[in-house]
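Visitor: this is a predicted model, with the sequence first.
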Amino acid sequence: MFSKAYSATIHGIDGLIVSVEADVSDGLPIFDMVGYLGSEVKEARERVKIALKNSGFRLPAKRITVNLSPADIRKEGTAFDLPVAIAILTALGFLQEENLKNVLIIGELSLDGSIRKVNGVLPIVYSAQQKGFSKCIVPRENAKEGAVVGNIKTYGVSTLLEAVDLLREDSDFVPETVDVDALLQTKNQEDGIDFSDVAGQKAAKRAIEIAVSGMHNILMIGPPGSGKTMLARRIPTIMPELSFEESMEISKIYSISGLLDNRGLILQRPFRSPHHTITTSALVGGGRIPRPGEISLAHQGVLFLDELPEFQKNTIEVLRQPLEDKMVTIARLHATFRYPAGFMLVAAMNPCNCGYYPDRNQCNCSVNQVKRYLNRISQPLLDRFDICIEALQMNYKELEGKTEEESSEQIRRRVNIARQMQIERYKNTKIYFNSQLTPRTIKKYCKLDQKEQTLLEQAFIKMNLSARAYHRILKCARTIADLDQSERIKGKHISEAICYRSLDQKYWGE
Ligand SMILES: Nc1ncnc2c1ncn2[C@@H]1O[C@H](COP(=O)(O)OP(=O)(O)O)[C@@H](O)[C@H]1O
Ligand SMILES: [Mg+2]
Ligand SMILES: [Zn+2]
């Protein structure tokens, strides 16, 4: 007897349908599995055999062959256990082939027949829906993330027997539901942090507002305790609210990484803050079975590198390509994987070992020590930041907080206006944000009148700017003009943008 069940595997951040064929025939009692299998999938044999036995099904002394196709896609992970068991039970006549039509099945089996959660359920159910499946059977613990997809019934099951009962007759079972609209309503009432918590720091807040508006990378320099981490942590709160599509895209990445909580949907812009000891593959993604790294977990949000000079040089170096492409590509012998990585890079650093340079009352570092510390940040890396600012230590008066500080929501309203200007300007192009402008597109979208042109040229000569710095100033000025709802880039926009590059001179200049 021959039968076929449907399952799926993850490729990049998408689900890919896999058919699981089982054949039972006379011959030596052997259980064989084929179809370009990773090691966990090969081990499914043992788990399935014992789980079937412990669920009360006796395998006859026959030859069982299971084939997973398509053959050119390598299958990894443990999610094929359940569909393999189901296909075998069907080939043996415990279930009708009819029962398996239009049903996608995933789940890891324990030896006692219970079903364990697996990664990647959200993108898998999503692709099942796209392919016209009507039902998905998934581990109970993953049911919510499946239900988020909609237009397909997702059933959570706890045991192999439950899955069998469900396939025989589903009328007693209720598909999982998630009220996506209600979830989306709750999205901004979460961890309660807000820019109004930060007293003073007007200049830093302004720079951050500009950075978020144009998705410019930003570097903050300042002594310990000046509020760098505090400011960075609040950046996601002024980013535009996530659309449902963006939420889904991020949630897929978290689903694959096994990081979705039981609501099944990521509702807030990510803020990822990996420690400086992080490995390259944990940062950009990788591993034997490739997984998204921190830069993909920060997709649509913020990647915060605190204590930037402490990171390994080569770890930072690998960020260059994804920073340009908003995507990371991981090549393996058997396939190439692509993960989204559209994050805003925020970094913070002390200006020297002790942290208090140039305050000579507090900093005893020698000039050379300071230089060596700062030079851990190479010029090419520094060039990645359109905006560099100082976070200055606050005095007590400011910290007392007599004045009411602006809320994140107020700031976000202005950010949204600047974003809208960009959407209008760049419609029908592949550009979303000013920070993505290339030297060629800068010419087109950041045209200057003669007066402004002269202003910039003078600064260029006086500050001994590189061509890269020149372009970064123009992009930043474009965003400042957008916040001002001005299609024309004016002198004051240029001047402010130049300020955000002047720290190069102060700290890194000769
Ligand atoms: N502008 C500020 N308003 C309110 N609290 C502040 C401010 N700056 C610093 N703090 C307080 O100081 C603490 C240390 O700030 P932190 O962000 O960790 O500094 P840094 O990262 O620059 O070392 C914060 O947790 C906060 O309690
Ligand atoms: Mg800090
Ligand atoms: Zn010092």
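Guide: Structure's in. What do you need? Ligands and ions are numbered 1, 2, ... in the order given.
Visitor: so in the chain, which strand runs the longest?
Guide: Scanning the chain for the strand with the most residues, using DSSP state E, yields strand 14-25.
Visitor: which positions in that one come out as buried?
Guide: 14, 15, 16, 17, 18, 19, 20, 21, 22, 23, 24 (16 or more other CB atoms under 10 Å). Using the backbone N, CA and C atoms, a C-beta is placed for each residue, glycine as well.
Visitor: same check on stretch 227-242?
Guide: 227-229, 231-240, 242.
Visitor: dump that stretch to PDB, keeping only the CA atoms.
Guide: Provided in PDB are the C-alpha atoms of stretch 227-242 (Å, rounded to 0.1, in the frame of the first residue of the first chain):
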ATOM      1  CA  GLY A 227      21.900  58.100  29.000                       C
ATOM      2  CA  LYS A 228      23.100  56.500  25.700                       C
ATOM      3  CA  THR A 229      21.500  53.100  26.500                       C
ATOM      4  CA  MET A 230      18.400  54.800  27.800                       C
ATOM      5  CA  LEU A 231      18.000  56.800  24.600                       C
ATOM      6  CA  ALA A 232      18.800  53.900  22.300                       C
ATOM      7  CA  ARG A 233      16.200  51.600  24.100                       C
ATOM      8  CA  ARG A 234      13.500  54.200  23.300                       C
ATOM      9  CA  ILE A 235      14.200  54.500  19.500                       C
ATOM     10  CA  PRO A 236      11.600  51.800  18.500                       C
ATOM     11  CA  THR A 237       8.900  53.800  20.300                       C
ATOM     12  CA  ILE A 238       9.100  56.600  17.800                       C
ATOM     13  CA  MET A 239       9.300  54.400  14.700                       C
ATOM     14  CA  PRO A 240       6.100  54.300  12.700                       C
ATOM     15  CA  GLU A 241       3.600  51.600  13.900                       C
ATOM     16  CA  LEU A 242       4.000  48.200  12.300                       C
END
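Visitor: need the contact list for residue 191.
Guide: Shown in contact with residue 191 (CB atoms under 8 Å, 6 or more residues apart in numbering): residue 268.
Visitor: what secondary structure does it sit in?
Guide: coil (DSSP: H, G, I helix; E, B strand; the rest coil).
Visitor: look up how far ligand 3 lies from it.
Guide: Distance, residue 191 to ligand 3, by CB to the ion, to the nearest Å: 34 Å.
Visitor: picking up where we left off before, what average pLDDT does the longest strand of the chain get?
Guide: Confidence for strand 14-25, expressed as mean pLDDT, is 96.
Visitor: for stretch 503-510, same thing?
Guide: Averaged across stretch 503-510, pLDDT comes to 78.
Visitor: contacts for that stretch next, please.
Guide: So stretch 503-510 is contacted by 221, 351, 374-375, 377, 379, 382, 388-390, 463-464, 469 (CB under 8 Å, 6+ apart).
Visitor: residues from the stretch 251-400 of the chain in reach of ligand 3?
Guide: 352, 354, 357, 363, 365 (CB under 5 Å from the ion).
Visitor: need the worst-confidence member of these.
Guide: Note: of those, the lowest pLDDT belongs to residue 357, at 90.
Visitor: list the contacts for it?
Guide: 351, 363, 365, 370.
Visitor: so where does it fall, helix or strand?
Guide: Assessed by DSSP states H and E, residue 357 sits outside every helix and strand.
Visitor: point me to the residue of the stretch 101-250 of the chain nearest ligand 3.
Guide: Ligand 3 sits closest to residue 223 of the stretch 101-250 of the chain, with a gap of 9.0 Å, by CB to the ion.
Visitor: these two touch, right, that residue and residue 355?
Guide: Yes: in this structure, residue 223 is within contact of residue 355 by CB atoms under 8 Å, at 4.9 Å.
Visitor: could you report the pLDDT at the residue of the stretch 51-200 of the chain found nearest ligand 1?
Guide: Minimum separation of the stretch 51-200 of the chain from ligand 1 (CB to the nearest ligand atom) falls at residue 199, amounting to 3.7 Å. Note for residue 199: predicted pLDDT of 90.
Visitor: can I assume it is in contact with residue 394?
Guide: Yes: counting by CB under 8 Å, residue 199 touches residue 394, with 6.5 Å between them.
Visitor: find residues that contact each of these two.
Guide: Joint contacts of residue 199 and residue 394 (CB under 8 Å, 6+ apart) do not exist.
Visitor: what's around the residue of the stretch 51-200 of the chain closest to ligand 1, how many residues?
Guide: Using other CB atoms under 10 Å, residue 199 has 15 other residues around it.
Visitor: you'd agree it is in a strand?
Guide: No: counting by three-state DSSP, residue 199 falls outside a strand, being coil.
Visitor: surely residue 481 touches residue 494?
Guide: No: assessed by CB under 8 Å, residue 481 is found out of contact with residue 494, at 9.1 Å.
Visitor: toward the C-terminus, what is the element adjacent to the lowest-mean-pLDDT helix or strand in the chain?
Guide: Lowest by mean pLDDT, DSSP states H and E among the helices and strands of the chain is helix 396-400, with a mean of 66. The C-terminal neighbour of helix 396-400 among helices and strands, as given by DSSP H and E, is helix 408-425.
Visitor: in that following helix, what counts as buried?
Guide: For helix 408-425, burial by neighbour count (16+ other CB under 10 Å) applies to 408, 411, 412, 414, 415, 418, 419, 421, 422.
Visitor: enumerate the residues of the protein near ligand 1.
Guide: Residues of the chain lying near ligand 1 by CB under 6 Å from any ligand atom: 198-201, 222, 224-230, 391, 394, 399.
Visitor: quick check, nearest of those residues to residue 261?
Guide: Ranked by distance to residue 261 (CB to CB), the residues of the chain next to ligand 1 are led by residue 229 at 24.1 Å.
Visitor: can you show me the strands along the stretch 101-250 of the chain?
Guide: Per DSSP state E, counting those that start in this stretch, the stretch 101-250 of the chain carries strands over the ranges 103-105, 108-109, 115-116, 135-139, 153-157, 218-221.
Visitor: any chance of those strands in a markdown table, with distance to ligand 3 too?
Guide: Shown next, in a markdown table, are those (distance: least, CB to the ion, whole Å):
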| stretch | distance to ligand 3 |
| --- | --- |
| strand 103-105 | 60 |
| strand 108-109 | 53 |
| strand 115-116 | 52 |
| strand 135-139 | 54 |
| strand 153-157 | 57 |
| strand 218-221 | 13 |
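Visitor: make a markdown table out of those and add distance to residue 434 and mean pLDDT.
Guide: Compiled in a markdown table, these are given as follows (distance: least, CB to CB, whole Å; pLDDT from 0 to 100):
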| stretch | distance to residue 434 | mean pLDDT |
| --- | --- | --- |
| strand 103-105 | 42 | 98 |
| strand 108-109 | 46 | 97 |
| strand 115-116 | 46 | 98 |
| strand 135-139 | 41 | 97 |
| strand 153-157 | 41 | 97 |
| strand 218-221 | 13 | 96 |
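Visitor: for residue 74, which of these is the nearest?
Guide: Across the strands of the stretch 101-250 of the chain, residue 74 has its closest neighbour in strand 108-109 (18.0 Å, CB to CB).
Visitor: parallel or antiparallel, which strands does that closest one pair with?
Guide: strand 115-116 (antiparallel) (DSSP bridges).
Visitor: buried ones in stretch 271-290?
Guide: Buried residues in stretch 271-290, counted by 16+ other CB under 10 Å: 271-274, 278, 280-286, 290.
Visitor: ends of it, how far apart?
Guide: By CA to CA, to the nearest Å, the extent of stretch 271-290 from end to end equals 22 Å.
Visitor: what residues does it touch?
Guide: Applying CB under 8 Å, 6+ apart, the set of residues contacting stretch 271-290 is 38, 76-77, 232-233, 235-236, 291-298, 301-308, 310-312, 314-315, 318-319, 322, 328, 330, 332, 337, 339, 341, 343.
Visitor: could you flag which of those are buried?
Guide: Buried members of these, counted by 16+ other CB under 10 Å: 38, 76-77, 232-233, 235-236, 291-298, 301-306, 308, 311, 315, 318-319, 322, 328, 330, 337, 339, 341, 343.
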